[in-house]
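> Sequence and predicted model, in that order:
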Amino acid sequence: QVRLVESGGGLVQAGDSLRLSCAGTGRTFTESPVGWFRQAPGKERRFVAATTWTGSSTFYADSVKGRFTISRDNAKNTVYLQMNSLKPEDTAVYYCAADPEGDYYTTRAWAYWGQGTQVTISS
């Protein structure tokens, strides 16, 4: 079992930065790839970024490449999502996920999910 808790969301202005954290518990968390997804009101949950369990490989949605950075500190059982140059279209609930099988870019691949943290970007 893996439990995930996101934090760090909030209300900021366009152009600002935020750093989200995903704290994981459970013996497999540090051995698992971890992903971030987001869901805007009325839209499907979509892939944002993912990292392998070592952090040596990372993957990003085209919409966030060059602005967002995913990283992890396995000693702290935490994965981060640094978000820079935020835009109003980044407004969503952000979720982290763990223990995937298959395509990282799809929600159905991921076994465990956090409860989400709201990110709101004002223009």
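Looks like it arrived, so ask away.
> residue contacts, the most centrally placed residue in the chain?
Centroid check for the chain by CA atoms, centre = their mean gives residue 36 as the closest residue, at 2.3 Å. By CB atoms under 8 Å, 6 or more residues apart in numbering, the residues touching residue 36 are 20, 22, 48, 49, 50, 70, 79, 81, 94, 95, 96, 97. Bear in mind the C-beta positions are built from the backbone N, C-alpha and C, glycine included.
> looking at it, residue 9 is touching residue 21, isn't it?
No: with contact defined as CB atoms under 8 Å, residue 9 does not reach residue 21; the gap is 9.9 Å.
> related to what we said a few turns ago, how about CSV for the contacts of residue 36, with neighbour count added?
Shown next, in CSV, are the contacts of residue 36 (neighbours: other CB atoms under 10 Å):
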residue, neighbour count
20, 24
22, 27
48, 25
49, 25
50, 24
70, 23
79, 30
81, 27
94, 24
95, 23
96, 31
97, 25
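> Show me which of those residues is closest to residue 2.
Among the contacts of residue 36, residue 97 lies closest to residue 2 (CB to CB), at 9.5 Å.
> In which helix or strand does that closest one reside?
Using DSSP states H and E, residue 97 sits within strand 92-100.
> what's the spacing between that strand and its chain's center?
How far strand 92-100 lies from its chain's middle: 5 Å, per CA atoms, centre = their mean, to the nearest Å.
> C-terminal to that strand, what's the next element?
Downstream of strand 92-100, the next assigned helix or strand under DSSP H and E is strand 110-113.
> what's next to that following strand, contact-wise?
1, 2, 3, 4, 35, 95, 96, 97, 98, 99, 100, 101.
> quick one: pLDDT of the closest residue to residue 106 other than its chain neighbours?
The shortest distance from residue 106 to any non-neighbouring residue, by CB to CB, 6 or more residues apart in numbering, is to residue 47 (7.4 Å). Looking at residue 47, its pLDDT reads 98.
> so what's residue 47 bridging to?
residue 37 (DSSP bridges).
> count of neighbours near it?
For residue 47, the count of nearby residues is 22 (other CB atoms under 10 Å).
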